[in-house]
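Visitor: 3D, please:
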Amino acid sequence: MKDNKQFYALLKKVVFIIIISLSLPHCTSVPSSQHTRPTSSNDLLEQARLAGSQEQHIKAAQLYQQLAKTSPQANAEQYLIAAADAYLFAGDVTRAENIIASLPEQLIMQSVAVQLLQSKILLQQGKTEQSGNILDAIDKTRLSSTQRIELHSQRSSAFFQSGNLFESARERALLDTLLVEPGKKLSNQNRLIETLLLLSSQALDVLKPAPSDPMTGWMELAIALKAQSHTNGDNSAIALWQQTHPAHGANQSFLPSFLRESQQTYKAFGKVAVFLPSNGPYANSAQSIRKGIISAAYSLAKKWQPDVTFYDTYESSIQALYQRAINDGAKSIIGPLDKKNVAELQLLSDHSIPIIALNKIDGQTPSQTTSLSLNPEEDTLQIASLAWSKGLQRALILTPQTTFGNRIAGHFANVWQQFGGVVSGVQTYTPKQADYSLVIKSLLNLDDSISRFKRLRNKLNLSLEFEERRRHDVDFIFVIATPRDGRLIKPQLRFHRATKLPVFSTSKIYAGSLNPVADNDLDGVFFCDLPSLIEPDKQNGIDTASLLSRWAALSGSSKRLFSLGIDAYQAIPHVERLKNSSFARFSGNTGILSINSSGIILRQLSCATFKRGHLKPLGLAPHLEKTDVFQTPETTPNGQTSSQAIPL
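Guide: Residues are numbered from 1 along each chain as shown. Take a look at the predicted model:
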């Protein structure tokens, strides 16, 4: 027993000496000043989370990617998902998409987080239909509360981008029941009501679901808000709604806040000065706009006492007219129409009253100035958005060989390439011809088909049957044409075996009034135009159709300018509200109006197609998120910026 104790004591000493001897070289080989503690995964993770909370999303993404390189596979995949999400927040869709593509296919198929990211990427790319397909396929039973909120948020965005306002609002009503954080809840409620207010009172009544549906209370509130008067403080409709819905969530903080803000930003009309020419190249356009302004003033007379004075820009300088309008007590100005006069107005030192210019503003905009015009580039952007939202990729362009045609064709090509699409070919034609066969054959590469046949026949020295074959490397054709040329081009496209190629065009292809016999040749053509022309019987606000009946017959372009005059007048009290919120909207006759950071009033158009010579409305044009950062330069045929844009 004693021997055993001595043996174990000796063994302990030997082990201790061995441990000391092994540790000494490490203690003496590196000076204490050079000791560095390696960065742990936890440190990187904290740094990534901190960067994300400080909105340094690129840095956060890079840190998550660094973590993924040094982590086990399961953790690495989660870090990569976080990196992709951070890149999306930073607006770098390409990197986010590349990361998702690098993940194992099984993970992509099974992970709800990855599917939500895929949908988010598609939304930012403007591919709303594909995004909706992914969201519809997600197993809702596997969602966490955070993921459920993200799902409904994305669905609302997808519906809004595609122009389906009712379903977008419905998703926000569902979101309202899920959100807890007060700020996010209030923001969602604002968007919900702003969306519903874009629908007409008639549409709200027709679409209203059963009383037990949470959506019903919101829709009835929207109807009450439409009925309120800003001028005499009559809120009886809202008071009645509150009595009917005392426990509704809108009564807490949303409704008092919304009413207070709308009263603060709503600016009463007062005296309105209108700057338009009586003579010169813009005189006819000005006459149609003038009729629209007068019609709007008398239509809204019960709300605002008409007090409009017209000033002739043909006779006097802008500086002189502006000072005269101020001296006359004007509280707001509509016009001028000529872009040169708009530029001169911008240079004035005094900008004390709101101005709605009727042509595009270039450069820095004075804070009191906005512009509303029928910019054809905006029209082109929206028809391109419609084509893109349908999943089309490869485009052919057929354009008249004119300054306007080259300008719009160039803009469409620029927009389409920014979307990520491909322009596979461009062909010009001379307008007002009787036969466009040669042009169409060239566009569809039918000439190549004929040449190949001739070479084969000569080589074989045989009598062969021949059938023209068009190119199959394209998805659709963008045609710029007047109604007259379009009615000839579309049937000839069918004749040359392009029946299955969708055709998109600008509003120029629609004459502005129904002509079923002539427009039967335009069947299948998609275009976007003013709501007052697409669905005149479903106007949200001023009834353009009944107003037009009081004037002599107007052509399509005159009707559009008439609606421009209406909107220039009725938008005045809403400008401040539209400026204060990027999501705020006003439903006008030229489209759903919003204001961007440059002071330009944007118009979301309505789209339609021809069916048996009649218009078949398709709803609002898509408002794709990615188009908010697009530039819309007015270009000339040589690619230079145009100094003079005609607002037609």
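Visitor: just checking, Ala173 touches Met219?
Guide: No. Judged on C-beta atoms under 8 Å, Ala173 makes no contact with Met219 at a distance of 9.0 Å. Just so you know, the C-beta spots here come from the backbone N, C-alpha and C atoms, and that holds for glycine as well.
Visitor: can you pull out the low-pLDDT segments for the stretch 401-550 of the chain?
Guide: 446-471, 539-541, 545 (pLDDT under 70).
Visitor: all the helices of it, residue numbers only.
Guide: Along the stretch 401-550 of the chain, counting by DSSP state H, counting those that start in this stretch, helices occupy 403-419, 437-443, 446-460, 483-495, 516-519, 531-534, 544-548.
Visitor: nearest to Lys303, out of those?
Guide: Nearest to Lys303 among the helices of the stretch 401-550 of the chain is helix 544-548 (16.0 Å), distances taken as C-beta to C-beta.
Visitor: for Gly52, see how far away Glu77 is.
Guide: Distance of Glu77 to Gly52, given as C-beta to C-beta, to the nearest Å: 18 Å.
Visitor: again with Ile318
Guide: Taking C-beta to C-beta, one finds Ile318 at 50 Å from Gly52.
Visitor: just name the most buried of the helices of the stretch 401-550 of the chain.
Guide: Among those, helix 531-534 has the highest mean neighbour count (mean count of other C-beta atoms under 10 Å), at a mean of 25.
Visitor: only alpha carbons, please: show that one as PDB.
Guide: C-alpha atoms of helix 531-534 as PDB (Å, rounded to 0.1, in the frame of the first residue of the first chain):
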ATOM      1  CA  PRO A 531     -58.200  56.400 -67.300                       C
ATOM      2  CA  SER A 532     -60.700  59.000 -68.600                       C
ATOM      3  CA  LEU A 533     -60.300  57.400 -72.100                       C
ATOM      4  CA  ILE A 534     -60.000  53.700 -71.100                       C
END
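Visitor: output the contacting helices and strands for it.
Guide: Applying 3 or more C-beta pairs under 8 Å, 6 or more residues apart in numbering; DSSP states H and E, we find helix 531-534 packed against helix 556-570, strand 606-611.
Visitor: so how far is that helix off the chain centroid?
Guide: For helix 531-534, the separation from the chain centroid amounts to 19 Å (computed by C-alpha atoms, centre = their mean, to the nearest Å).
Visitor: TSV for the helices and strands packed on helix 531-534, including distance to Thr309, mean neighbour count and mean pLDDT?
Guide: As requested, the helices and strands packed on helix 531-534 are exported to TSV (distance: least, C-beta to C-beta, whole Å; neighbours: other C-beta atoms under 10 Å; pLDDT from 0 to 100):
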stretch	distance to Thr309	mean neighbour count	mean pLDDT
helix 556-570	13	25	92
strand 606-611	33	21	94
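Visitor: which stretch among these comes nearest Arg487?
Guide: Smallest distance to Arg487 across the helices and strands packed on helix 531-534 (C-beta to C-beta): 10.1 Å, for strand 606-611.
Visitor: and that closest one with helix 483-495, angle?
Guide: Relative orientation of strand 606-611 and helix 483-495, computed by axes from the mean of the first three to the mean of the last three C-alpha atoms, to 10 degrees: 60 degrees.
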